[in-house]
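*Asks:* What follows is a predicted structure for the sequence shown.
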Amino acid sequence: MPMLDELMPWGVPPLRLGRAWVMAPDAGSLKARWDALVRVEGVERDGLFECTRARTPRSAVAQLPGQTTGTGRFVREDGRCPAPVRVLHGAFDEQWLIPDHRLIDSARPELWRVADERQVFVVEQGWVADASGPAVVLSALLPDGRSPAGRPGRIRPLYRRPGGVEPNLAPGLLSALGSRYGREVDADDVVAWIVAAAESSAAGCVVPLPADPHVWLNGVELGRRMMEVQLRGARGGERPRLPGGRRPYVRAAVPARPDAIAYDAEEEVLSLGTGRISPVPADAWDFEVGGVRVLELWFERRTAEAEPGTLEAIRPAMWPQEWTSELLELITVLALLGRLRLQKQELKGMEMEITELPGVLPPSDVTRRPASVLDHREEGPEGQFALL
């Protein structure tokens with residue numbers, strides 16, 4: 001059966017931050033960390049910065065595409081924090097990142113270059129034997145590509161150029177599938193099928209393609225519903241909402257510092273310390289990626305103790321209201337996906353083999369490299385013009 005690596009040839013490794021403090025669940029903490037860093041100098045700045053072989057305050061680094069951050073060496077930086085950007089951390093955790101390449105070991109500029117309102121990123125999840133969870137996750141936000149368990153896969157943009165131009169698909173795939181199924185097939189159809197049918201394996205992400213046109217149509221329809229939920233209103237879609245008025249509500253306020261998360265399946269209540277949220281469907285609580293429960297991991301990332309004296313220790317003193325709102329939406333997303341993935345069994349049946357797509361697979365080596373994007377200027381180190 002085809003591999004995702006063959007259907008979407010261009011893939012980029014996960015971001016390598018090098019220091020955890022450049023990402024946070026709230027933007028305010030990032031600005032406070034920046035201010036604390038630029039207030040000190042010399043050895044003290046080096047210590048807070050958390051130097052690596054790839055980045056120190058003296059590294060000469062080019063600007064990230066689409067950003068207006070400085071390109072002078074950070075050792076001389078004394079300005080304000082760049083506006084943090086929303087990113088996807090791991091599988092479903094939307095956080096904030098300081099978009100300054102001087103602070104990130106490997107930010108994958110090729111991804112930033114094609115990130116826009118038309119783009120969709122397909123993020124492979126790490127394979128863990130006998131673990132449940134989706135093989136891929138979709139995001140309209142730039143993802144860091146990390147996996148909660150197992151070895152992370154690659155990030156595959158749906159389009160190779162900004163503006164929804166040049167699908168990142170094996171050349172000839174759309175026409176071959178259109179001929180096979182007797183109808184026009186576009187890039188969104190393919191990514192919808194991938195999110196609905198992809199399976200993890202030790203060899204990589206497998207994407208079985210059905211021989212039956214009716215199975216294809218059912219899978220694309222299911223995948224489009226899953227896409228809309230995961231994209232959370234991006235690309236003109238609607239924000240996710242549970243049917244039948246079963247919207248989760250805060251029944252008891254989340255305390256300033258919740259110390260534990262728990263779930264009562266009989267009452268459908270999620271507890272954060274003394275805080276209470278309900279109704280929370282079991283599908284949301286049980287949702288796992290790589291064998292890790294998503295809601296527990298989301299809570300842990302916001303409450304785990306940080307090492308004193310580090311920039312990562314600069315965080316909200318009390319639980320922000322925004323986190324509760326984000327949690328309510330995350331519960332909705334997981335509950336909807338938990339119900340939809342039960343329909344995946346209906347996509348089983350006779351499957352095509354690679355030999356039934358002659359001249360399409362495997363794709364050529366050139367399709368595995370990023371396209372040239374030369375329609376905007378990027379500033380190099382110390383203000384130099386960057387040659388792409």
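*Replies:* The structure has been received and is ready for your questions. Numbers count the residues shown, from 1 in each chain.
*Asks:* got any ranges where the stretch 251-388 of the chain has weak pLDDT?
*Replies:* Within the stretch 251-388 of the chain, the set of residues satisfying pLDDT under 70 comprises 354-355, 374-377, 384-388.
*Asks:* the strands in it, which residues?
*Replies:* 261-264, 269-272, 275-278, 288-289, 292-293 (DSSP state E, counting those that start in this stretch).
*Asks:* Strand partners (parallel or antiparallel) of the third one?
*Replies:* Right, strand 275-278. strand 249-252 (antiparallel), strand 269-272 (antiparallel) (DSSP bridges).
*Asks:* In the first one, which residues are buried?
*Replies:* Translated: strand 249-252. Neighbour counts over strand 249-252 (16 or more other CB atoms under 10 Å) mark V250 as buried. Where you see a C-beta, it was placed from the backbone N, CA and C, and this is true even at glycine.
*Asks:* where's it relative to the chain centroid, distance-wise?
*Replies:* Relative to its parent chain, strand 249-252 has a centroid offset of 28 Å by CA atoms, centre = their mean, to the nearest Å.
*Asks:* Residues contacting it, please?
*Replies:* Outside strand 249-252, the residues that touch it by CB atoms under 8 Å, 6 or more residues apart in numbering are V269, T274, G275, R276, I277, S278, T324, L328.
*Asks:* For PyMOL, what selects the buried ones among these?
*Replies:* Here is the PyMOL command that picks out the buried ones among these, judged by 16+ other CB under 10 Å:
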select buried, resi 269+275+276+277+278+328
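*Asks:* Contact partners for G153?
*Replies:* Residues near G153 by CB under 8 Å, 6+ apart: G11, V123, E124, Q125, G126, G145, S147, G204, C205.
*Asks:* Need these in CSV (columns: secondary structure, pLDDT and neighbour count).
*Replies:* Shown next, in CSV, are the contacts of G153 (DSSP: H, G, I helix; E, B strand; the rest coil; pLDDT from 0 to 100; neighbours: other CB atoms under 10 Å):
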residue, secondary structure, pLDDT, neighbour count
G11, coil, 97, 17
V123, strand, 97, 23
E124, strand, 95, 26
Q125, coil, 92, 27
G126, coil, 83, 22
G145, coil, 95, 27
S147, coil, 85, 22
G204, strand, 90, 15
C205, strand, 94, 23
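*Asks:* What residues are bridge-paired with the nearest residue to M3 once chain neighbours are set aside?
*Replies:* What sits nearest to M3 in space, not counting adjacent residues and going by CB to CB, 6 or more residues apart in numbering, is G204, at 5.3 Å. Taking DSSP bridges as the rule, G204 bridges to S201.
*Asks:* distance of G204 from L177?
*Replies:* 21 Å (CB to CB, to the nearest Å).
*Asks:* got it, and L209?
*Replies:* Remark: distance between L209 and L177 (CB to CB) = 8 Å.
*Asks:* Now for the two: what residues contact both?
*Replies:* Shared contacts of L209 and L177, counting by CB under 8 Å, 6+ apart, come down to W216.
*Asks:* got TSV for the strands of the stretch 251-388 of the chain, with distance to G72 too?
*Replies:* Formatted as TSV, the strands of the stretch 251-388 of the chain follow (distance: least, CB to CB, whole Å):
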stretch	distance to G72
strand 261-264	43
strand 269-272	43
strand 275-278	45
strand 288-289	40
strand 292-293	40
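*Asks:* L30: which of those strands is closest?
*Replies:* L30 lies closest, by CB to CB, to one member of those: strand 269-272, at 23.3 Å.
*Asks:* And that closest one, how far out from the chain middle?
*Replies:* 26 Å.
*Asks:* Could you do stretch 335-349 as well?
*Replies:* With CA atoms, centre = their mean as the basis, stretch 335-349 stands 21 Å off its chain's centre.
*Asks:* cool, stretch 134-143 as well?
*Replies:* Chain-centre distance of stretch 134-143: 4 Å, with CA atoms, centre = their mean.
*Asks:* same check, this time on stretch 366-380
*Replies:* On CA atoms, centre = their mean, the centre of stretch 366-380 falls 22 Å from that of its chain.
*Asks:* buried set for it?
*Replies:* Neighbour-count burial for stretch 366-380 [16+ other CB under 10 Å]: T367, P370, A371, V373, E378, E379.
*Asks:* isn't the first one right next to G11, touching?
*Replies:* No. With contact taken as CB atoms under 8 Å, T367 and G11 are classed as non-touching, separated by 10.7 Å.
*Asks:* Can you pull the poorly scored residue ranges out of the stretch 101-250 of the chain?
*Replies:* In the predicted model of the stretch 101-250 of the chain, residues 150 satisfy pLDDT under 70.
*Asks:* In it, mark out all the strands, start to finish.
*Replies:* Ranges of strands in the stretch 101-250 of the chain, per DSSP E, counting those that start in this stretch, are 121-124, 136-139, 142-143, 155-157, 159-161, 165-167, 199-201, 204-206, 249-252.
*Asks:* now for the ones you listed, which one comes closest to Q345?
*Replies:* Among the strands of the stretch 101-250 of the chain, strand 199-201 sits nearest to Q345 (CB to CB), with 12.1 Å.
*Asks:* packing partners for the closest one?
*Replies:* Counting contacts by 3 or more CB pairs under 8 Å, 6 or more residues apart in numbering; DSSP states H and E, strand 199-201 is packed against strand 204-206.
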